[in-house]
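Student: only geometry, no sequence info:
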């Protein structure tokens, strides 16, 4: 059994993909999203950094009047899925797509003087690594919160029982934030010892390194930060 920890809609999509490969799964989303009502003004910016599909969804659902200004910006995008979501709402002026924040920061560094006003569309949860990289390279930016992440307080009872009974063999972790929540919930449910023998499949090497540092032995990372690569890693873990 695979435990999927990402938000419910995306978790369901992954569960369907796994089912096609005869891999059973259960869902316990560690957090959910909501959209704040605060307005933004993208007219003020020449460049825009978009790091998640959820940020694109927020623009589509709550700030559609800003799309015309977004189309005039130089767009720096993290993730192919994010780029696809932008194209789906007819935003195609993407300057470059990056696999992760490290790639983005390295690329932007030589051009930092060319970026006049950069807007970073974000959630309420800070991507501390990305912010650190931007600051280190003296890239001036304005962070706008376009969606809110709401953490779940604890695991479902079914998840706790499945961990205790050792029926969960693999856990997926999509972000550093979810990894922190996951470990916190393990501690609260007193099932850390049982979880230490489970295989953890992570979307990135950074998440995998964090899990290993926390004492988890069976840790894999996707070869690329994409769902296709993650599924491949899951298949390897169950074979």
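Tutor: Great, that's in hand. Keep in mind that what you see is a predicted model, and the values were worked out from it rather than measured. Numbering: from 1, shown residues only.

Student: can you give me the strands for this structure?
Tutor: Taking DSSP state E, the strands of the chain run over residues 2-4, 25-27, 31-34, 47-50, 74-78, 94-98, 118-123, 141-151, 170-173, 199-202, 219-221.

Student: all helices for this structure, in order.
Tutor: Using DSSP state H, the helices found in the chain span residues 8-20, 53-62, 67-70, 80-88, 101-108, 128-136, 157-164, 176-189, 192-195, 205-213, 227-238.

Student: surely residue 51 touches residue 103?
Tutor: No: contact criterion Cβ atoms under 8 Å: residue 51 and residue 103 do not qualify, at 11.6 Å. For glycine as for every other residue, the C-beta is placed from the backbone atoms N, C-alpha and C.

Student: these two: which is more packed in?
Tutor: residue 51 (22 against 14; other Cβ atoms under 10 Å).

Student: got the contact list for the more buried one?
Tutor: Applying Cβ atoms under 8 Å, 6 or more residues apart in numbering to residue 51 gives the contacts 77, 78, 79, 82, 101, 120, 121, 122, 127, 130.

Student: can you select the buried ones from those in ChimeraX?
Tutor: Burial among the contacts of residue 51 is assessed by 16 or more other Cβ atoms under 10 Å; the matching ChimeraX selection reads:
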select :77,78,79,82,101,120,121,122,127,130
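
Student: so which of the contacts of residue 51 is the closest to residue 196?
Tutor: Checking the contacts of residue 51 against residue 196 with Cβ to Cβ, the nearest one is residue 127 at 27.6 Å.

Student: does that closest one touch residue 102 like I think?
Tutor: No: assessed by Cβ under 8 Å, residue 127 is found out of contact with residue 102, at 11.7 Å.

Student: which residues does the closest residue in space to residue 18 that isn't next to it in sequence form a beta bridge with?
Tutor: With sequence-adjacent residues excluded and distances taken as Cβ to Cβ, 6 or more residues apart in numbering, residue 18 is closest to residue 25, at 5.1 Å. Residue 25 has the following beta-bridge partners by DSSP bridges: residue 2.

Student: how much space between residue 25 and residue 5?
Tutor: Distance from residue 25 to residue 5, counting by Cβ to Cβ, to the nearest Å: 11 Å.

Student: who has more neighbours, the two?
Tutor: Ranked by neighbour count (other Cβ under 10 Å), residue 25 and residue 5 place residue 5 first, with 23 against 20.

Student: and the helices of the chain as JSON lines, adding distance to residue 44 and mean pLDDT?
Tutor: Output for those, formatted as JSON lines (distance: least, Cβ to Cβ, whole Å; pLDDT from 0 to 100):
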{"stretch": "helix 8-20", "distance to residue 44": "31", "mean pLDDT": "94"}
{"stretch": "helix 53-62", "distance to residue 44": "15", "mean pLDDT": "94"}
{"stretch": "helix 67-70", "distance to residue 44": "8", "mean pLDDT": "94"}
{"stretch": "helix 80-88", "distance to residue 44": "20", "mean pLDDT": "94"}
{"stretch": "helix 101-108", "distance to residue 44": "19", "mean pLDDT": "82"}
{"stretch": "helix 128-136", "distance to residue 44": "18", "mean pLDDT": "85"}
{"stretch": "helix 157-164", "distance to residue 44": "44", "mean pLDDT": "96"}
{"stretch": "helix 176-189", "distance to residue 44": "28", "mean pLDDT": "96"}
{"stretch": "helix 192-195", "distance to residue 44": "46", "mean pLDDT": "95"}
{"stretch": "helix 205-213", "distance to residue 44": "32", "mean pLDDT": "95"}
{"stretch": "helix 227-238", "distance to residue 44": "34", "mean pLDDT": "90"}
